[in-house]
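> Sequence and predicted structure, then a few things I'm wondering about:
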Amino acid sequence: MLVYVLSVFSFLILGLSSAEEVDLSLKTCDSKSYNFSACVKDNLESVLPQLIKGIPQYDVPPIDPFFLEYQKIAFNSNNIHGEIIFVNLSVTGLAKVKFLDVTPQFLDDEIFKIEIDSHVPELDMKTIVKINSSLNVFKILSESPVHVVANDIRGKADFIGHVINDTWVLDHIRIYPTIEKFKISANNLIEDNKELNDLVISFMNEYWPMFYRDALPYLSDAIEGELIAMINKFLSHFSFSKSFI
């Protein structure tokens, strides 16, 4: 979910600095100034309280708790094969995000990039999972409530796009989050078999880094298109030059 949050921050900083309907007291950042990065970072930090509550004028929901109604992802990796659907996913903890570093830069006259390095102490996620997949040696076909707690999440995100007719049009989003600690619990991944269910959960909690490495590219690919479409629709209403000079 850090993927979504970093994306929301990035496009809000660009768009809302030129918007009159929402007063966030954001600064216009001079790309030729020595403190260009610090200016953008200050804007990110100043907009955080508003984002926690949400900005309904721009259909921006609250980020804590964060809610996602539905997401389907197909996996075909070494340890995960099949389809997983997340329903009514809620995440808490995003309000404590800290921005470690922000690097905006023009790669040339038309291509602009923002890199954001951030940290979240803990994320607590609850969802209903519908799964038809093989997890390593386990074949799973079920529907179950799932609770995940992740700690010490650090995410580096790159947002790259062209500036066309004074509008920043995103082409790519690259997210590289790392997790220090991870724990999953579920009571019905293996229907009517508590012992096997507990064995699968224990196996996942023991070897979660392996599953995470396998899943990350598919998670990123699954949401990149949706994020780009959402952000570009929003940015189409605002002037790039009024955000950066």
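Nice, I can see it.

> so what's residue 138 closest to, chain neighbours aside?
Nearest non-adjacent residue to residue 138, counting by Cβ to Cβ, 6 or more residues apart in numbering: residue 200, 5.3 Å away. Yep, even glycine has a C-beta here, placed from its N, CA and C like the rest.

> Quick one: list the elements packing against the strand or helix carrying the one you found.
Residue 200 is part of helix 194-206 when elements are defined by DSSP states H and E. Using 3 or more Cβ pairs under 8 Å, 6 or more residues apart in numbering; DSSP states H and E, the elements in contact with helix 194-206 are strand 138-164, strand 167-186.

> Would you mind giving those strands as a markdown table with mean neighbour count added?
Shown next, in a markdown table, are those (neighbours: other Cβ atoms under 10 Å):
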| stretch | mean neighbour count |
| --- | --- |
| strand 138-164 | 17 |
| strand 167-186 | 16 |
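
> Can you lay out those as TSV showing distance to residue 77?
As requested, the helices and strands packed on helix 194-206 are exported to TSV (distance: least, Cβ to Cβ, whole Å):
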stretch	distance to residue 77
strand 138-164	14
strand 167-186	17
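
> so can I have TSV of those strands showing distance to residue 115 and mean pLDDT?
As requested, those are exported to TSV (distance: least, Cβ to Cβ, whole Å; pLDDT from 0 to 100):
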stretch	distance to residue 115	mean pLDDT
strand 138-164	5	89
strand 167-186	9	88
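
> Nearest to residue 204, out of those?
strand 167-186 (5.6 Å; Cβ to Cβ).

> That closest one - which strands sit beside it in the sheet, and in what orientation?
Note on strand 167-186: by DSSP bridges, its sheet partners are strand 138-164 (antiparallel).

> Now stretch 48-58: buried residues?
Buried residues in stretch 48-58, counted by 16 or more other Cβ atoms under 10 Å: 48, 50-51, 55.

> relative to strand 167-186, how tilted is the helix or strand hosting residue 115?
Under the criterion DSSP H and E, the helix or strand holding residue 115 is strand 111-135. Taking axes from the mean of the first three to the mean of the last three Cα atoms, to 10 degrees, strand 111-135 and strand 167-186 form an angle of 30 degrees between their directions.

> what packs against strand 111-135?
helix 2-16, strand 80-92, strand 98-106, strand 138-164.

> Try it again at 6 Å.
Contact analysis of strand 111-135 by 3 or more Cβ pairs under 6 Å, 6 or more residues apart in numbering; DSSP states H and E lists strand 80-92, strand 98-106, strand 138-164 as its packing neighbours.

> Give the rounded mean pLDDT of stretch 27-34.
The average pLDDT within stretch 27-34 is 80.

> Could I get the CA-only coordinates of that stretch as CSV?
Written as CSV, here are the backbone C-alpha positions of stretch 27-34 (Å, rounded to 0.1, in the frame of the first residue of the first chain):
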residue,chain,number,x,y,z
LYS,A,27,5.4,26.8,-2.1
THR,A,28,6.4,27.0,-5.8
CYS,A,29,9.8,25.3,-6.1
ASP,A,30,12.5,26.8,-8.3
SER,A,31,14.3,24.0,-10.2
LYS,A,32,17.4,26.1,-10.5
SER,A,33,17.7,26.7,-6.8
TYR,A,34,20.1,24.9,-4.6
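
> quick one on the thing from earlier: okay, now the sheet partners of the strand holding residue 115, with direction.
Here, using DSSP bridges, strand 111-135 pairs with strand 80-92 (antiparallel), strand 98-106 (antiparallel), strand 138-164 (antiparallel).

> Show me which of the buried residues of stretch 48-58 is closest to residue 121.
residue 48 (14.6 Å).
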